[in-house]
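In: I'll drop the sequence and a predicted model, then ask my questions.
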Amino acid sequence: MKKVKITVMKTARYTDLMEKYENPITHACDMSEGQVFVANGWKKPDNFCDSAWESVSAFVMTLAYGGEDIYNGWMKNKKSAMISCNDGFRPVSFLLEATDEDAE
């Protein structure tokens, strides 16, 4: 099993949708572009958003166990995937990349 590097590539914030549909909340996603996490195999990295983990974890597991070419030619790097979290108000796009480093 390998470690998987997770890089925050892009964040968005749809304030028009938030104002119209979302109840005010005191804490939301704290991800910032360029932020890097490393999943030790299939284990969620420390301080990684639980909701985002539910969106990316199946892809992390696939890459950690040596899977590649997800969706048959979708990514230029066969050992990677671009996955977004499922927050419709604050979506975050993550680049997942299998490393050559073994998980602990």
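Out: Noted; the coordinates are in hand.
In: When you work out contacts or count neighbours from here on, use the C-alpha atoms and nothing else.
Out: Fine.
In: Checking the most far-flung residue of the chain relative to its centre next. Helix, strand or coil?
Out: Ranked by distance from the centre of the chain (C-alpha atoms, centre = their mean), the top residue is Lys20, with 26.6 Å. State at Lys20, reduced to three classes by DSSP: H, G, I helix; E, B strand; the rest coil: helix.
In: the helices in this protein, which residues?
Out: 15-21, 50-64 (DSSP state H).
In: Of all those helices, which one is nearest Lys43?
Out: helix 50-64 (8.5 Å; C-alpha to C-alpha).
In: Dump the C-alpha coordinates for the closest one into CSV.
Out: Output of helix 50-64 as CSV, limited to C-alpha atoms (Å, rounded to 0.1, in the frame of the first residue of the first chain):
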residue,chain,number,x,y,z
ASP,A,50,-14.6,14.8,7.2
SER,A,51,-17.1,15.7,4.5
ALA,A,52,-14.4,16.1,1.9
TRP,A,53,-12.9,12.8,3.0
GLU,A,54,-16.2,11.0,2.2
SER,A,55,-15.9,12.4,-1.4
VAL,A,56,-12.3,11.5,-2.0
SER,A,57,-11.7,8.4,0.2
ALA,A,58,-12.7,5.7,-2.4
PHE,A,59,-10.3,7.3,-4.9
VAL,A,60,-7.5,7.5,-2.3
MET,A,61,-8.0,3.8,-1.5
THR,A,62,-7.9,2.9,-5.1
LEU,A,63,-4.6,4.8,-5.6
ALA,A,64,-3.1,3.6,-2.3
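In: Alright, I will stop here.
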